[in-house]
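**Q** here are the coordinates; sequence isn't available:
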């Protein structure tokens, strides 16, 4: 199963874009890139996911490189409430036999500052 | 917002007691998960289920047990609680494929004295 590498911490000024990188150089063809965040020991919250194409939703944008070995989560206008631990994980397509294969690492602690 | 619930939210209990942590979801998801997380540390998968009557152990060995008699319900039981079981326990369920989008409950913070 592919593992991910993220910087342990990042700072971002309020109102600016937060760009969180993730390396997943051993990702395989059927694995999705997922992003979650966890605010102060609450349950993790799903943000976005993608397979090959860039994705955007109301929370964030996900940019996946063409070789799929890395990705960037973009929070376009960070607010203080976006301060959290952000997890990048790779996960199989979810068919039978693939449950329990997603591994949450240490993540990136993003601190949004006024 | 996902409809997944955990009770109790906080539990303080003495050593040797039997406890059951409840997890329910109203989304009809087949797959459900239990994670254990110590403060400031990463999540560790301890149990998961593909559906009714299916239970599997996760990456982290745990003395807890789970059952899945109904789709919506995935309780976790500790037969004899010990201080080493003090942790936060997070339940999740996921949408059908493709992908494995997991939705988490608020967690149960367990303290064993």
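**A** Cool, got the structure. Note that the coordinates shown come from a computational prediction; the quantities given were computed from them, not determined experimentally. Numbering: from 1, shown residues only, chains lettered A, B, ... in the order given.

**Q** in terms of helices and strands, where is whichever residue of chain A sits closest to chain B?
**A** Here chain A gets closest to chain B at one residue, residue A:43, 3.3 Å apart by Cβ to the nearest Cβ. Any C-beta I mention is one placed from the backbone N, CA and C, and that applies to glycine too. Under the criterion of DSSP states H and E, residue A:43 resides outside all helices and strands.

**Q** now do the strands in the chain.
**A** Just so you know, I chose chain A. A:9-13, A:18-23, A:32-38, A:45-50, A:55-56, A:61-64, A:70-75, A:84-91, A:108-113 (DSSP state E).

**Q** correction: the question concerned chain B.
**A** Ranges of strands within chain B are B:4-7, B:10-13, B:19-25, B:31-37, B:44-49, B:56-57, B:65-66, B:76-78, B:87-94, B:102-104, B:108-112, based on DSSP E.

**Q** what's the burial count for residue 26?
**A** You didn't say which chain, so I picked chain A. 12 (other Cβ atoms under 10 Å in any protein chain shown).

**Q** you answered for a different chain; I wanted chain B.
**A** Counted by other Cβ under 10 Å, the residues lying close to residue B:26 total 11.

**Q** ok, now which ones touch it?
**A** Contact analysis of residue B:26 by Cβ atoms under 8 Å, 6 or more residues apart in numbering or on different chains lists B:3-4, B:72.

**Q** among the strands of chain B, which is nearest residue A:9?
**A** Closest approach to residue A:9 among the strands of chain B is made by strand B:31-37 (18.5 Å; Cβ to Cβ).

**Q** what pLDDT, on average, does the closest one get?
**A** Average pLDDT, strand B:31-37: 94.

**Q** list the buried residues of it.
**A** Neighbour-count burial for strand B:31-37 flags B:31-37 (criterion: 16 or more other Cβ atoms under 10 Å in any protein chain shown).
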